[in-house]
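**Q** Build me a model:
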Amino acid sequence: MTVTIYHNPECGTSRNTLAMIRQSGVEPIVVEYLKTPPSRARIRDLVSAAGLSLRDALRQKDTPFEALGLADPAKTDEELLDAIEAHPVLLNRPLVETPIGTRLCRPSELVLDILENPDIGPFTKEDGEVIIDSEGKRVV
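**A** Numbers count the residues shown, from 1 in each chain. I've put the predicted structure just below:
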């Protein structure tokens, strides 16, 4: 099974998602998208496969979203792609692709819905939130 995660190692949600993927028994392809941004076409494909619009895939917090005026609904997809291309941090993360589907994994436990082996055993996020208890039941 090929799994790809578009990952930011500075992001707790991204780190938790990566940990769940690994705990499922898969070593994913890790794309640090801030260092190696996906192409415009790849961004379109990922966002579409995740069932999102480009606008839905924009990250607002801790990005130049406001400064670039990206809240303006008149901004076209091409303009949004221009902004993401210039500032990859605007692409929300983590985006994960598996044979089952593609998902923006916010919150991180959404990755369980697209893993071939979602029974990963107990899992607690970095912040202490229990996602799967000691009996293997999802808490959230």
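
**Q** Verify the stated contact: N92 with L58.
**A** Yes. The pair N92 / L58 is scored as a contact, 6.4 Å apart, by C-beta atoms under 8 Å. Every C-beta, even on glycine, is put in place using the N, C-alpha and C of the backbone.

**Q** Compare neighbour counts for the two and give me the winner.
**A** Neighbour count, other C-beta atoms under 10 Å: between N92 and L58, N92 has more, with 24 against 21.

**Q** can you count the residues close to the nearest residue to the more buried one once chain neighbours are set aside?
**A** Sequence neighbours aside, R59 is the residue nearest to N92 in space, at 4.2 Å (criterion: C-beta to C-beta, 6 or more residues apart in numbering). A count of neighbours around R59, defined by other C-beta under 10 Å, yields 19.

**Q** Could you check how far R59 is from T17?
**A** 15 Å (C-beta to C-beta, to the nearest Å).

**Q** Please, where are all the strands along this protein?
**A** 4-7, 29-32, 95-97, 102-104, 123-124, 130-132 (DSSP state E).

**Q** Next, format these as a markdown table and append mean neighbour count, distance to L112 and mean pLDDT.
**A** Output for the strands of the chain, formatted as a markdown table (neighbours: other C-beta atoms under 10 Å; distance: least, C-beta to C-beta, whole Å; pLDDT from 0 to 100):
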| stretch | mean neighbour count | distance to L112 | mean pLDDT |
| --- | --- | --- | --- |
| strand 4-7 | 23 | 14 | 98 |
| strand 29-32 | 16 | 18 | 98 |
| strand 95-97 | 25 | 10 | 98 |
| strand 102-104 | 21 | 10 | 98 |
| strand 123-124 | 18 | 9 | 96 |
| strand 130-132 | 17 | 8 | 95 |
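
**Q** how about those strands, which one is nearest V111?
**A** Closest of those to V111 is strand 95-97, at 5.4 Å (criterion: C-beta to C-beta).
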